[in-house]
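[1] Any chance you can model this:
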Amino acid sequence: MADREDKHDFPIKDGVMLNTGRNALEYILLRLPDIRFVYLPFYTCEAVIEPLKRQHIKYSFYHINDRFEIKEEINLQDGEYLIANNYFGIKDDYICKLYQKYGEHLIVDNAQALFAPALPNMKAYYSIRKFVGVADGGVAVGVNGKESIIYEEDNSSLHDAHLLIRKEKGAEAGFNKYQEDEHLLDNQPIKKMCRNTRDILCHIDYERVKARRKDNFLYLHQELGTSNHLQIPPIDSFACAMIYPYLISDGARLRKKLIENKIFVAKYWPNILNWNEPNKLEYQLANRIIPLPIDQRYDDKDMQRILKIIRS
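    Residues are numbered from 1 along each chain as shown. Predicted structure coming up:
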């Protein structure tokens, strides 16, 4: 991180700053000399598979239950590792329990949990751009950061056009360019986080970001908790969520309605519809969960507007 007088404390301590979250995972994989097999959830982003394929590491999928926890017992052998997702940033407590069980053979996907603390020696990777307005950025923790390889520095100007369009013309105008910029991140080699991204990160008030997100999450949960088919963990059991996951029977209809009213909701993750049969839980989650936005650009009035659309 740059040394500035107005520097704010970055939430991830002692991390290796790289260009993407998936490359932060690959950075970890490269530092596991005994790795030969990885278990990962069906309910995950297909980008996770990219570094596994690139390093020719065999893998298989496991199912989760409706609490976003591993459905069936997994016993690891020598050279086997387990990737567990901190889904939406609300599974901090569960991740701690998994670490107590699997120890150094656990790799935590904190791509949706920027503020989730990593326990000492816990292997984890983060994706910064899902929480703050930067074009790229991933962080790896729990592995030795001393390099024998000198990585090239990335250039964020190659994939940040959507941020400029969004700032000037709004989210809808920048969406197509966002999708193009997302594809540019596919199959990128491991690089150091670009200087521009690191400079931006020095000027972000992370405590304000965290506080606003927590307030927005609580606001929605107080109003929607009884109609949400998901079991949301106690609010004080996780540091900060990325979105408010709202599960209802007719999620597709609500998603369409929100988008028509210019409330843009992502879909986590479309690839799951190809990986699973319609009767599987993961398929239903991908179709029916509405990730309601709670980020720091929004306040109580925005949450009221979202609620009004849902209730109408």
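[2] Every contact and neighbour count from this point should use C-alpha atoms.
    Noted.
[3] Mind telling me what element residue 23 is part of?
    When secondary structure is defined by DSSP states H and E, residue 23 falls within helix 21-30.
[4] Could I get the buried residue list for that helix?
    By 16 or more other CA atoms under 10 Å, the buried positions in helix 21-30 come out as 21, 22, 23, 24, 25, 26, 27, 28, 29.
[5] just the helices in the stretch 101-250 of the chain please.
    If you assign secondary structure with DSSP state H, counting those that start in this stretch, the helices in the stretch 101-250 of the chain sit at 161-169, 171-184, 195-201, 206-224.
[6] Residue 236: neighbouring residues, count only.
    11 (other CA atoms under 10 Å).
[7] helices or strands up against the helix holding residue 23?
    When contacts are defined as 3 or more CA pairs under 8 Å, 6 or more residues apart in numbering; DSSP states H and E, helix 21-30 packs onto helix 49-54, strand 123-127, strand 138-141.
[8] Can you verify my assumption that residue 212 contacts residue 295?
    Yes - in this structure residue 212 lies within contact range of residue 295 using CA atoms under 8 Å: 7.1 Å.
[9] of these two, who's got more company?
    residue 295 (23 against 20).
[10] For the more buried one, which non-adjacent residue is closest in space?
    With CA to CA, 6 or more residues apart in numbering as the criterion, residue 295 has its nearest non-adjacent residue at 5.3 Å, and that residue is residue 213.
[11] give me every residue that touches the one you found.
    When the contact criterion is CA atoms under 8 Å, 6 or more residues apart in numbering, the partners of residue 213 are 240, 241, 242, 294, 295, 296.
[12] wait, the third one sits on residue 113?
    Meaning residue 242. Yes - the criterion here is CA under 8 Å, and residue 242 meets it with residue 113 at 6.5 Å.
[13] Show me the common contact partners of those two, please.
    88, 89.
[14] neighbour count winner among these two?
    Set residue 242 next to residue 113 and count neighbours by other CA under 10 Å: residue 113 wins out with 28 against 25.
[15] how much space is there between that one and residue 127?
    Using CA to CA, to the nearest Å, we find residue 113 at a distance of 8 Å from residue 127.
[16] for residue 11, same thing?
    Residue 11 sits 12 Å away from residue 127, taking CA to CA as the criterion.
[17] Can you pick out the residue with more neighbours from the two?
    residue 127 (25 against 14).
[18] Which pLDDT value belongs to the more buried one?
    What the model reports as pLDDT for residue 127 is 95.
[19] wait, what's in contact with it?
    Contact analysis of residue 127 by CA under 8 Å, 6+ apart lists 20, 21, 110, 111, 112, 114, 136, 137, 138, 139.
[20] Also residue 232?
    Residues near residue 232 by CA under 8 Å, 6+ apart: 67, 90.
[21] one more time with 10 Å
    Counting by CA atoms under 10 Å, 6 or more residues apart in numbering, residue 232 touches 67, 68, 90, 91, 221, 225, 244, 245, 246.
[22] Then residue 300?
    Contacts of residue 300 were listed using CA under 10 Å, 6+ apart, and they are 212, 215, 216, 219, 220, 294, 306.
[23] what separates it from residue 217, distance-wise?
    The value you get for residue 300 to residue 217, if CA to CA is used, is 10 Å.
[24] residues shared between the contacts of these two?
    residue 294.
[25] Just the buried ones among the contacts of residue 127, please.
    Under a neighbour-count criterion of 16+ other CA under 10 Å, the subset of those counted as buried comprises 20, 21, 110, 111, 112, 114, 136, 137, 138, 139.
[26] Pick out the shakiest of the helices of the stretch 101-250 of the chain, pLDDT-wise.
    Minimum mean pLDDT among the helices of the stretch 101-250 of the chain: helix 161-169, a mean of 44.
[27] which residues touch the nearest residue to residue 17 once chain neighbours are set aside?
    Spatial nearest neighbour of residue 17, excluding adjacent residues (CA to CA, 6+ apart): residue 139 at 4.8 Å. Residue 139 sits next to 12-25, 27, 110-111, 114, 124-128, 192-193 when contact means CA under 10 Å, 6+ apart.
[28] swap in residue 17?
    Residues near residue 17 by CA under 10 Å, 6+ apart: 1, 24, 126, 137-141, 145, 191-194, 198.
[29] Just the buried residues from those, in PyMOL please.
    A single PyMOL command suffices to select whichever of the contacts of residue 17 are buried according to 16+ other CA under 10 Å:
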select buried, resi 24+126+137+138+139+140+141+191+192+193+194+198
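[30] Name the nearest of the contacts of residue 17 relative to residue 153.
    residue 192 (4.5 Å; CA to CA).
[31] hang on, isn't that closest one packed against residue 19?
    Yes - the criterion here is CA atoms under 10 Å, and residue 192 meets it with residue 19 at 5.6 Å.
[32] Worst mean pLDDT across the helices and strands of the chain, which element?
    None of the helices or strands of the chain scores lower by mean pLDDT, DSSP states H and E than helix 161-169, at a mean of 44.
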